[in-house]
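Q: could you look at this predicted model? Sequence included:
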Amino acid sequence: MRNYLAVIILMLAININAQDIHFSQFYASPLTLNPSMTGLLNGDCRAGVIYRNQWNSVTVPFVTISGSYEHRFVLENEDQIGAGIVLV
């Protein structure tokens, strides 16, 4: 049963756009810059929003919006794990 479920999941196709070629503020979003550092922060959680309206002189300017959230979880044995999400 587990093999059938794994095959079905692998056969599902979802169209996802992975990169925005005009996203130029990756340095201001910690999760975009280095995803392995998720949860490595002083507090328990961190949220951020970036908005940029770029090249207003062209007919259709580039507008980039990015939001991120990350949370640090402390386990019973003092180990830590982090989880986060980034939307561009």
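A: Arrived safely, thanks for sending.
Q: quick one, strands of the protein?
A: Remark: strands assigned in the chain by DSSP state E are 45-54, 62-74, 80-87.
Q: dump the second one to CSV, restricted to CA.
A: Provided in CSV are the C-alpha atoms of strand 62-74 (Å, rounded to 0.1, in the frame of the first residue of the first chain):
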residue,chain,number,x,y,z
PHE,A,62,8.1,45.5,-12.0
VAL,A,63,6.4,45.1,-8.7
THR,A,64,7.9,42.5,-6.3
ILE,A,65,6.2,41.5,-3.0
SER,A,66,7.8,38.9,-0.7
GLY,A,67,6.7,37.7,2.7
SER,A,68,8.3,35.3,5.1
TYR,A,69,7.7,33.7,8.5
GLU,A,70,9.8,31.4,10.5
HIS,A,71,9.4,29.8,14.0
ARG,A,72,11.9,28.2,16.3
PHE,A,73,10.7,25.1,18.3
VAL,A,74,12.6,24.0,21.4
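Q: give me the mean pLDDT for that strand.
A: Averaged across strand 62-74, the pLDDT comes to 89.
Q: what does that strand contact?
A: With Cβ atoms under 8 Å, 6 or more residues apart in numbering as the test, strand 62-74 has contacts from 20, 22-25, 29-32, 38-41, 43-55, 80-88. The way it works is simple: take the backbone N, C-alpha and C, and place the C-beta from them, glycine included.
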